[in-house]
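Student: Just to be clear, the model below is a prediction. Sequence and coordinates:
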Amino acid sequence: MRLLITEFSYSLDFKWLRRAFDIVVSMSRGKSELPRLDLLTKLCLSLARAQMPIPASVILRLILRKKNLPPVDMLGLIFLHMVKTDTGTILASNILSEMCCLYQHIIDSKSNYAKIVKPDTLLFNLILDACARMKSSVKGQQMVELMAQVGVVADAHSIVIISQIYEMNKMRDELKRFERHIDRVSAPLVFHYRQFYDSLLSLHFLFNDIDAASALITEMCRFKDCNPSREGDSEPCSVPIGSASLKMGLKLQFLPELQLNDTVMKVEGKPKYVLHENGKLALSSKALAKLVREYRSRGRINELSRLLICIQNKLWGSESVKLSRDVINACIHLGWLETAHDILDDLEGSPIDISLYMSLLDAYYSRKMFKVGDRLVKQIKSNGLGESLSHEMAISGQNSELESRRTSRSENVGLTSKSDLVESIIQEMKEVENIYHASAVIHQLNSSIYYFTKAKMIGDALKTYRRMLEIKVQPTVQTYAYLIDGYSAMGMYREITVLWGDIKRNLERSNSMVYRDLYESLLLNFIRGGYFERVLEIIAFMTENRMYLDKWIYRNEFFKFHKGLYKNKKASDTGNEVQMQRLEHVQTFRKWLRAS
């Protein structure tokens with residue numbers, strides 16, 4: 001048999017790989033001893049490469065059940081191939097959770113086996129990256145917390161992936177805790193953390209916090225080429241998960257300058273707000289559009305001007321002239337002449353292209369705002385820029401000549417002002433204000449619920465949830481995920497059945513709650529609590545919506561909490577109808593677990 005398994009493991013044919021897998025499974029069910037670790041590892045890797053993640057996961061779990069694991073480099077390769085698919089990501093993340101659970105159980109015994117089963121940073125990075133790519137943000141958050149629980153030190157790649165997961169979960173407060181550590185990294189690593197700043201800036205905009213967004217941009221400007229490298233630092237930084245005030249809370253350790261050489265992932269997302277140009281961080285047109293729109297709507301143009309000056313002085317240098325020109329020209333194109341004029345006034349004393357004054361002057365004249373135009377010309381001269389005015393633009397005070405200038409130069413405004421920034425601002429103007437407000441409120445409430453559940457203040461979490469319902473704010477997947485985790489940590493499974501009722505009512509209104517990670521969490525908790533009617537409901541729902549069900553972990557949870565439940569009972573042994581129905585539910589679940 002072992003020779004056959006060896007032969008089949010080197011095959012590229014799905015049929016022979018499946019045959020080798022069937023032999024191993026048959027041996028595990030019988031009295032035969034399993035093949036050697038190296039042979040099982042080879043078979044597992046071949047199955048993973050062939051995109052057969054379910055058989056590969058079974059082999060891995062059989063190895064783990066024997067209190068062993070493949071070498072960490074081989075395990076990384078297996079995970080690398082498994083996470084290429086949704087199903088493989090689900091299985092790999094669950095196996096990683098099982099490894100961590102086993103490690104936590106044996107760490108106190110000081111067994112050498114603990115060193116074997118403890119996952120490393122690369123394994124977590126592979127799973128975190130897959131969760132980010134598959135938009136499995138709830139599972140990703142669970143992996144971050146698991147990383148902190150087992151004491152695995154995150155590296156620079158980890159933080160970039162975590163920033164994407166936090167952005168998806170709208171966890172601004174959690175992400176901000178990394179900022180002060182990352183702000184101090186050496187200049188060569190600035191490009192690596194572009195995604196981190198992009199995610200954090202995105203959350204500031206989402207929360208409608210223009211002050212925090214500007215402060216972050218200002219901080220981004222302070223990166224200097226002379227920052228010393230701290231790659232040799234051996235002491236990791238740490239950030240709390242949940243709240244810094246929780247004495248017994250989790251803390252994630254990380255080395256911001258550490259980049260594992262064997263990482264093969266591309267962890268960056270598509271740039272949205274922060275770009276990397278010429279070795280420095282820069283703002284995209286979309287980010288500038290949000291800044292211009294927000295500052296103008298609040299009547300705080302002088303603060304926008306100060307931000308542009310900060311960018312000019314600290315980051316882009318001569319490139320900032322182009323930035324200012326783009327902003328002012330965009331305002332002119334959109335007809336925001338007063339805004340453009342205010343910015344020009346604020347920028348006095350900084351390098352300003354004379355063409356900006358000319359564009360604004362043309363815009364005034366094209367709208368027959370001659371008095372304002374005349375005042376602008378006087379302002380140009382008083383600023384020492386009079387010599388730059390062309391002879392044809394010299395002011396004579398006669399309206400006919402002004403009208404002539406308007407006719408001859410008005411076309412230039414349209415030619416020079418239409419830009420990506422203009423398009424971005426127009427797109428921003430289409431956004432509805434109350435959408436921003438409602439979005440910020442729900443995410444702020446979710447942050448409170450997350451904090452309360454981590455602090456085991458479940459009563460306060462429930463009050464926040466009820467307040468959310470009272471003010472007609474629609475709960476999100478994250479709302480229910482945090483509450484379920486909070487109840488689960490305290491063994492309050494009955495309360496989770498109430499949440500399930502709320503989720504079902506939300507499902508009737510929209511499909512936003514059709515999210516696999518949420519239902520797997522419900523399923524596991526209903527198994528633990530013994531609510532098998534609800535268990536069957538969740539299984540039916542997940543099956544109907546084509547969500548993969550990992551029977552291995554459900555079976556383990558069932559035998560862990562209810563191994564002998566109704567094992568030898570018959571319907572005639574039950575005392576009433578309620579017990580009879582419960583027996584039927586348990587038997588149906590047992591039958592489902594046995595089905596292949």
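Tutor: Nice, thanks for sending it over.
Student: Would you check that Tyr554 makes contact with Asn525?
Tutor: No - with contact defined as Cβ atoms under 8 Å, Tyr554 and Asn525 do not form a contacting pair (11.5 Å). (Glycine included, C-beta is placed from N, CA and C.)
Student: Counting neighbours, go ahead and name the busier of the two.
Tutor: For Tyr554 versus Asn525, the count of surrounding residues by other Cβ atoms under 10 Å is larger for Asn525: 26 against 19.
Student: mind checking how far the more buried one is from His333?
Tutor: Counting by Cβ to Cβ, to the nearest Å, the gap between Asn525 and His333 amounts to 56 Å.
Student: Report the contact partners of Leu307.
Tutor: Residues counted as contacts of Leu307 (Cβ atoms under 8 Å, 6 or more residues apart in numbering) are Ser214, Ile217, Thr218, Leu291.
Student: now swap in Gly530 and tell me
Tutor: Contact criterion Cβ under 8 Å, 6+ apart gives Tyr493, Phe561, His562, Leu565 as the residues in contact with Gly530.
Student: State the pair within those residues that is farthest apart.
Tutor: The two members of these with the most space between them (Cβ to Cβ) are Tyr493 and Leu565, at 14.9 Å.
Student: which regions of this protein sit below the pLDDT cut-off?
Tutor: Scanning the chain for pLDDT under 70 picks out 108-111, 223-234, 244-248, 260-269, 314-321, 384-418, 432-438, 571-575, 596.
Student: show me where it has strands.
Tutor: 237-241, 250-254, 274-277, 280-283 (DSSP state E).
Student: Let's have these in CSV, adding distance to Ser186.
Tutor: Shown next, in CSV, are the strands of the chain (distance: least, Cβ to Cβ, whole Å):
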stretch, distance to Ser186
strand 237-241, 15
strand 250-254, 16
strand 274-277, 15
strand 280-283, 14
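Student: Can you lay out these as TSV showing distance to Ala481 and mean neighbour count?
Tutor: Listed next are those as TSV, based on distance: least, Cβ to Cβ, whole Å; neighbours: other Cβ atoms under 10 Å:
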stretch	distance to Ala481	mean neighbour count
strand 237-241	15	19
strand 250-254	17	19
strand 274-277	28	17
strand 280-283	32	20
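Student: coming back round to it: nearest to Leu281 among the contacts of Leu307?
Tutor: Of all the contacts of Leu307, Ile217 has the smallest distance to Leu281: 8.9 Å, by Cβ to Cβ.
Student: And the contacts of Gly530, which is closest to Asn383?
Tutor: Of all these, the one sitting nearest Asn383 is Tyr493; the distance, using Cβ to Cβ, is 72.5 Å.
Student: Please work out how many residues are found near the closest residue to the closest one other than its chain neighbours.
Tutor: Nearest-residue entry for Tyr493: Gly529, 2.7 Å, with adjacent residues in sequence omitted and distances by Cβ to Cβ, 6 or more residues apart in numbering. In terms of burial, Gly529 registers 20 neighbours under the definition other Cβ under 10 Å.
Student: Does Gly529 touch Trp500 like I think?
Tutor: No - with contact defined as Cβ under 8 Å, Gly529 does not count as touching Trp500 (11.1 Å).
Student: what is in contact with the two at once?
Tutor: Contacts common to Gly529 and Trp500, judged by Cβ under 8 Å, 6+ apart, are absent.
Student: For Thr41, which of the strands of the chain is the nearest?
Tutor: Among the strands of the chain, the nearest to Thr41 by Cβ to Cβ is strand 250-254 (29.6 Å).
Student: Alpha carbons only: can I get the closest one in PDB?
Tutor: Coordinates of each C-alpha in strand 250-254 appear next as PDB, following Å, rounded to 0.1, in the frame of the first residue of the first chain:
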ATOM      1  CA  LEU A 250      -5.000  40.800  23.800                       C
ATOM      2  CA  LYS A 251      -1.900  42.500  22.400                       C
ATOM      3  CA  LEU A 252      -0.500  41.900  18.900                       C
ATOM      4  CA  GLN A 253       3.300  42.000  18.700                       C
ATOM      5  CA  PHE A 254       4.900  43.200  15.400                       C
END
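Student: Check which helices and strands it is in contact with.
Tutor: Counting by 3 or more Cβ pairs under 8 Å, 6 or more residues apart in numbering; DSSP states H and E, the packing neighbours recorded for strand 250-254 are helix 137-150, strand 237-241.
Student: deepest of the ones you listed, which one?
Tutor: When these are scored by mean count of other Cβ atoms under 10 Å, the highest mean neighbour count falls to helix 137-150 (a mean of 22).
Student: Need the contact partners of it.
Tutor: Counting by Cβ under 8 Å, 6+ apart, the neighbours of helix 137-150 from elsewhere in the structure are 90, 93, 96-97, 100, 103-104, 118-119, 124, 127-128, 131-132, 154, 158, 161-162, 165-166, 168-169, 171, 241, 250-253, 477-478, 481, 515, 517-518, 521.
Student: from the contacts of Leu307, which would you call buried?
Tutor: Neighbour counting over the contacts of Leu307 (16 or more other Cβ atoms under 10 Å) leaves Ser214, Ile217, Leu291 as the buried ones.
Student: Of these, which is the nearest to Glu7?
Tutor: Proximity of these to Glu7 was ranked by Cβ to Cβ; the top entry is Ile217 with 61.2 Å.
Student: which residues touch that closest one?
Tutor: Counted by Cβ under 8 Å, 6+ apart, Ile217 has contacts Leu201, Leu283, Leu307, Cys310, Ile311.
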